[in-house]
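Participant: Sequence plus predicted model, see below.
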Amino acid sequence: MNPLVISPEQFHDIVLEIAELSTDYLRRLDAMPAFPNVTGQQTQEIFSGPVPEEGLGPEALDALQHVLAFSRPPSPRFYGYVLGSGEPVAAAADLLASILNQNGTAWRSGPAAITIERTVVNWIATAIGCKGFTGSLTGGGSSANTMGLAMAREAKLPANDDGAQPGIVYASSEVHMSTGKAVALLGLGRNNLRLIPVNSRFQMDLDALKKAVGEDRRAGNKAVAIVGSGGTTNTGAIDDLVGIAQVAHEHDLWFHIDGAYGVLAALAAPEKFRGIELADSLSLDPHKWLYQPLDCGLLLYCDAEIARKTFAYSGDYTKSLQTDPVEAYSFFEESQELSRRFRALKVWLSIRYHGLEAFRKSIQRDLDHAQLLAELIRQDSRLELLAPVPLSAVCWRWREGDDAFNARLLKRVIQRGRVYISNATINGRFALRACFVNHRTTEADVRAVVEETIAAAGEVS
Ligand SMILES: Cc1ncc(COP(=O)(O)O)c(C=O)c1O
């Protein structure tokens, strides 16, 4: 008997215990501190022990209580970075996805999994206003941006056969770091990322973009793509997507939208994303604003042929013998990944369970919560709102304090344990930042942000 084999009954006991732990955790979530009271030394002591040579059996699960205790909970008052809140129906589906252990390579490896992923991709593309776009689920927005820019490179400055050449990519100075990483990884050269200045609303300045494109043309520099932001991480600014599409079209450049943070808000507020359908490719993150548990990103594109040109490189063993278009479908021909987990199951079950309208309403609530926080900040003269709030990221500071004071203030707010916020740099100044992509947040939780800022300010010198 293989020592790894467990009986279905043993498995059932394990799942019941995990279900109990998870349910109790969700029950206590609202009362938990937004960050656990724990030090690095403690986590080292608890989790960095030697590998057990002998199995502990069911007792192995005892340590899960420490994992729960020393995790940063998906609290209703977690507003840091851009991180979705982990919808539990989707989480339950993730367990089943691992049991099924389908490989999302091609239909023949997972008939249901592949079909469900294609369905989910189509649902989301249609819901955000990009009907007809196809694509695949990824590990996150960084992967999706890298794959989108790989397609851009192959379309405009092919590199797959003979290697990469320097290639210019334009993006606003507020663009997420994943674009800089992608440009480096793709061999286009980070010095060729032209960071275009932004206007007072933190959107790419179109005149500056046109000027930069013109200068590169005249200098004989080869350009590849323009990356528009569909919600910048710092402030949620959405670039003028129609304007950028026009420049891209005029100069035969690829138009990629980094929508990892914001584009799913098109479900609730499509008018903010005019021009989204003009993109050649776009990234978005269901693990951010569709509240899905990590990980789940999505790359969409309008021309699957270019995805195949970029990513197909099949050995004989992967060649499909099918002729039926459904049965012959292979994600690996359009993706950097070969083995892929069944990410679509959680999204599919979560949307089936709640319905798309519930997600629309939840996103609208996040947008409203951000407006409420902005208004509360405006009403209090001790606080200063540092940027407009087009989506759900709000940046502010303690007016009378310098950057160092505001950094101490942030630390104190987190130490107090009621809300978790993060920081940003806005026009060179240190900002406190709250981002609402959390289906558990209530209006009282939003008010807690201001209450905690004020309380913490009284405790910081
Ligand atoms: C605008 C933007 N793009 C890309 C990313 C990267 O996404 P991921 O963390 O899923 O790789 C983020 C993450 O916050 C983001 O805000």
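Facilitator: Perfect, thanks for sending it. Owing to the predicted nature of the structure, the values given are computational and were not obtained by experimental measurement.
Participant: so residue 88 sits right up against residue 26, yeah?
Facilitator: Yes: Residue 88 is in contact with residue 26 according to Cβ atoms under 8 Å; the separation is 6.3 Å. C-beta coordinates here come from the backbone N, C-alpha and C atoms, glycine included.
Participant: Give me the buried stretch members for stretch 450-461, please.
Facilitator: Within stretch 450-461, the residues that qualify as buried are 450, 452-453, 456-457, 460, counting by 16 or more other Cβ atoms under 10 Å.
Participant: Which residues of the stretch 151-300 of the chain lie near the ligand?
Facilitator: For the stretch 151-300 of the chain, the residues in contact with the ligand (Cβ under 6 Å from any ligand atom) are 176, 178, 233, 258, 260-261, 285, 297.
Participant: out of those residues, which are inside helices?
Facilitator: Of those, the ones assigned to helices by DSSP state H are residue 178.
Participant: Can you flag the buried ones in the residues of the stretch 151-300 of the chain next to the ligand?
Facilitator: 176, 178, 233, 258, 260-261, 285, 297.
Participant: Can you pick out the most distant pair from those residues?
Facilitator: 233 and 297 (14.5 Å; Cβ to Cβ).
Participant: Is the closest residue to residue 87 other than its chain neighbours in a helix, a strand, or coil?
Facilitator: Of all residues beyond its chain neighbours, the one nearest residue 87 is residue 291 (4.4 Å), with distances taken as Cβ to Cβ, 6 or more residues apart in numbering. Using DSSP: H, G, I helix; E, B strand; the rest coil, the structure places residue 291 in coil.
Participant: Then residue 282?
Facilitator: Of the three states, residue 282 takes strand under three-state DSSP.
Participant: contacting residues around the closest residue to it other than its chain neighbours?
Facilitator: Setting aside the residues directly before and after it, residue 282 is nearest to residue 257 in space (Cβ to Cβ, 6+ apart), at 3.9 Å. By Cβ atoms under 8 Å, 6 or more residues apart in numbering, the residues touching residue 257 are 227-230, 241, 263, 276, 279, 281-283.
Participant: Enumerate the beta-bridge partners assigned to residue 257.
Facilitator: Under DSSP bridges, the beta-bridge partners of residue 257 are residue 228, residue 282.
Participant: Report the secondary structure state of residue 225.
Facilitator: Going by three-state DSSP: residue 225 is strand.
Participant: right, and it touches residue 151 too?
Facilitator: No: with contact defined as Cβ under 8 Å, residue 225 does not count as touching residue 151 (9.2 Å).
Participant: Comparing those two, which shows the higher neighbour count?
Facilitator: residue 225 (29 against 25; other Cβ atoms under 10 Å).
Participant: contacting residues for residue 52?
Facilitator: Going by Cβ under 8 Å, 6+ apart, the list of residues near residue 52 reads residue 60.
Participant: returning to that earlier point: which of the residues of the stretch 151-300 of the chain next to the ligand sits closest to residue 53?
Facilitator: Nearest to residue 53 among these, with distances taken as Cβ to Cβ, is residue 297, at 37.9 Å.
Participant: In this structure that closest one contacts residue 286, no?
Facilitator: Yes: applying Cβ under 8 Å, one finds residue 297 in contact with residue 286, separated by 7.3 Å.
Participant: shared neighbours, these two?
Facilitator: Joint contacts of residue 297 and residue 286 (Cβ under 8 Å, 6+ apart) are residue 137.
Participant: Ends of stretch 180-197, what's the gap?
Facilitator: Using Cα to Cα, to the nearest Å, one end of stretch 180-197 lies 16 Å from the other.
Participant: all numbers from here: first residue = 5
Facilitator: Noted, 5 is the first residue going forward, which turns the last one into stretch 184-201.
Participant: in it, what's buried?
Facilitator: For stretch 184-201, by 16+ other Cβ under 10 Å, it's 184, 186-187, 190, 192, 196-200.
Participant: Could you identify the most distant pair in those residues?
Facilitator: Applying Cβ to Cβ across the buried residues of stretch 184-201, the maximum distance is between 190 and 200, 19.4 Å.
Participant: Tell me which stretches of the protein form strands.
Facilitator: With DSSP state E as the criterion, the chain has strands at 138-142, 172-176, 197-200, 227-233, 258-263, 285-288, 301-305, 387-389, 397-402, 426-430, 433-439.
Participant: Which of the ones you listed sits closest to residue 98?
Facilitator: With Cβ to Cβ as the criterion, residue 98 lies closest to strand 138-142 of the strands of the chain, at 12.8 Å.
Participant: can you tell me if the closest one touches the ligand.
Facilitator: No: judged by Cβ under 6 Å from any ligand atom, strand 138-142 makes no contact with the ligand; its nearest approach is 8.3 Å.
Participant: centre of the chain versus that strand, how much separation?
Facilitator: 14 Å (Cα atoms, centre = their mean, to the nearest Å).
Participant: Check stretch 456-465 too.
Facilitator: Offset of stretch 456-465 from its chain centre (Cα atoms, centre = their mean): 31 Å.
Participant: would CSV of the strands of the chain with mean pLDDT be doable?
Facilitator: Output for the strands of the chain, formatted as CSV (pLDDT from 0 to 100):
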stretch, mean pLDDT
strand 138-142, 98
strand 172-176, 98
strand 197-200, 98
strand 227-233, 98
strand 258-263, 99
strand 285-288, 98
strand 301-305, 98
strand 387-389, 98
strand 397-402, 98
strand 426-430, 98
strand 433-439, 98
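Participant: Out of these, indicate the one that is most buried.
Facilitator: Neighbour counts (mean count of other Cβ atoms under 10 Å) averaged over each of the strands of the chain peak at strand 285-288, with a mean of 32.
Participant: Just want the most central residue of this protein.
Facilitator: Nearest residue to the geometric centre of the chain (Cα atoms, centre = their mean): residue 289, 3.8 Å.
Participant: Tell me which residues touch it, please.
Facilitator: The contact partners of residue 289, by Cβ under 8 Å, 6+ apart, come to 86, 88, 144-145, 148, 264-265, 268, 300-302.
Participant: Could you do residue 314 as well?
Facilitator: Neighbouring residues of residue 314 by Cβ under 8 Å, 6+ apart: 151, 154-155, 157-159, 164.
Participant: you'd agree residue 216 is up against residue 175?
Facilitator: No: the criterion here is Cβ under 8 Å, and residue 216 misses it with residue 175 at 10.7 Å.
Participant: which neighbours do the two share?
Facilitator: By Cβ under 8 Å, 6+ apart, the residues touching both residue 216 and residue 175 are 198, 200.
Participant: which stretches of the stretch 355-465 of the chain form helices?
Facilitator: Ranges of helices in the stretch 355-465 of the chain, per DSSP state H, counting those that start in this stretch, are 360-383, 407-420, 447-461.
Participant: just how off-centre is the first one within its chain?
Facilitator: Relative to the mean C-alpha coordinate of its chain, helix 360-383 is positioned 19 Å out (Cα atoms, centre = their mean).
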